[in-house]
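Asks: Below is the sequence, then the predicted model.
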Amino acid sequence: MSDSNNEQALARTAVMECEQEIQIIKASLRKLSASESDAPNSLEILLVKVEGTDSSSSLKVNLQLSSPVEDATLTKMYDPSNSEPSDDVKATFHGVATAVSTLTVSVIADEKEIGSSAPHDLAPLCVVNAIDQNDRYETEVPIGIVANGSGDESKAEGQDKKVTNEGEDSTEAKVIQPTCTLTLRLVYQPSNNDKKEELYQLLNKKSEKKASALENLRKISMNMARTGTDGSPSKSAATAVAKPSVKPGFLNKKKAEASKVRSFYERTLGPNSIVRTSLGLLFLTKDYLIFFGAISFFHFGGQFLALPAPA
């Protein structure tokens, strides 16, 4: 098999794979559309580990969300042996806009604020697998707490700009060591609308991929047709021209000559014969012939119809 045939087979396989993935996504969308659950999404946050401070017993962790604007406080660490943690162990938020929301954490130990963290985007922490359609997604993320007044927490490396003698900007990295580090477990339960949005985004991507694969297959097929390669190495464009599938002149075949009896019938009593044609013409004009004949007889021979004179 030639290289062109291999490329065509690979392109056709890519199109079929895209179509299969699109059908799987559509089936998942139909399944979600059949569900009548309109519950909003929820986000549970639990405190798993604390490093860098000895006041874990009197520790308070304040959680601040930006969308919706809500806050919660954790006072105890999560115990894996407890299947149903209480409200002071977990913080639950409903209707979270994960695409734009951020999470900010501040820590208070012994009634004294230790510091706060930089805002963390929830979008990469609350990722929904559109194909598996799981109901729970757990993620553990370390949060660095920086003392207030130690610099801009949003600068991960604490960069300060300096100007050299040549007038060029150079950066000097000043790493800010966190006061303590918290490990939070985020349990995200997406709603049906969140799952549908992910499926629609994935469907758009797969549709674009399929369109690209179809365009690639079309180009390969046109190139093969231009070069005369149609999947059989022994066949070429010259062979196709030398042996056409339709022979020229097949519509102009000579009709077989009719017999003498058939010819006599066609001339005398056939549909196109003089007798049949004359009878048809006479049938169509008989009313006119009778009318004009009677008028002519009345005009030229009306005396034959007159009454005799009285004696």
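Replies: Alright, I've got the coordinates.

Asks: Was I right to think Lys210 contacts Gln23?
Replies: No: if you go by C-beta atoms under 8 Å, Lys210 and Gln23 don't touch, sitting 11.1 Å apart. Using the backbone N, CA and C atoms, a C-beta is placed for each residue, glycine as well.

Asks: quick one, which of those two is more surrounded?
Replies: Lys210 (18 against 11; other C-beta atoms under 10 Å).

Asks: any idea how far the more buried one lies from Ile220?
Replies: 16 Å (C-beta to C-beta, to the nearest Å).

Asks: Please give me every residue in contact with Cys126.
Replies: Cys126 sits next to Leu43, Val96, Thr98, Tyr137, Thr139, Leu186, Tyr188, Pro190 when contact means C-beta atoms under 8 Å, 6 or more residues apart in numbering.

Asks: Is the last one in contact with Val127, as I believe?
Replies: This means Pro190. No: applying C-beta under 8 Å as the test, Pro190 and Val127 come out as separate, 9.6 Å apart.

Asks: what residues are shared contacts of these two?
Replies: In contact with both Pro190 and Val127: Tyr137, using C-beta under 8 Å, 6+ apart.

Asks: More neighbours: which of the two?
Replies: Each of Pro190 and Val127 has its neighbours counted (other C-beta under 10 Å); Pro190 has more, 26 against 14.

Asks: remind me, longest helix of the chain?
Replies: Ranked by residue count and defined by DSSP state H, the top helix of the chain is helix 192-227.

Asks: which of the residues in it are buried?
Replies: 192, 194-196, 198-199, 202-203, 206, 209-210, 213-214, 216-217, 220-221, 224 (16 or more other C-beta atoms under 10 Å).

Asks: could you check the distance from the residue nearest to Leu199 when sequence neighbours are not counted over to Gln201?
Replies: Closest residue to Leu199 apart from its sequence neighbours, by C-beta to C-beta, 6 or more residues apart in numbering: Ala130 at 4.8 Å. According to C-beta to C-beta, Ala130 and Gln201 sit 8 Å apart.

Asks: try Asp121
Replies: Noted for Asp121: a distance of 18 Å to Gln201, by C-beta to C-beta.
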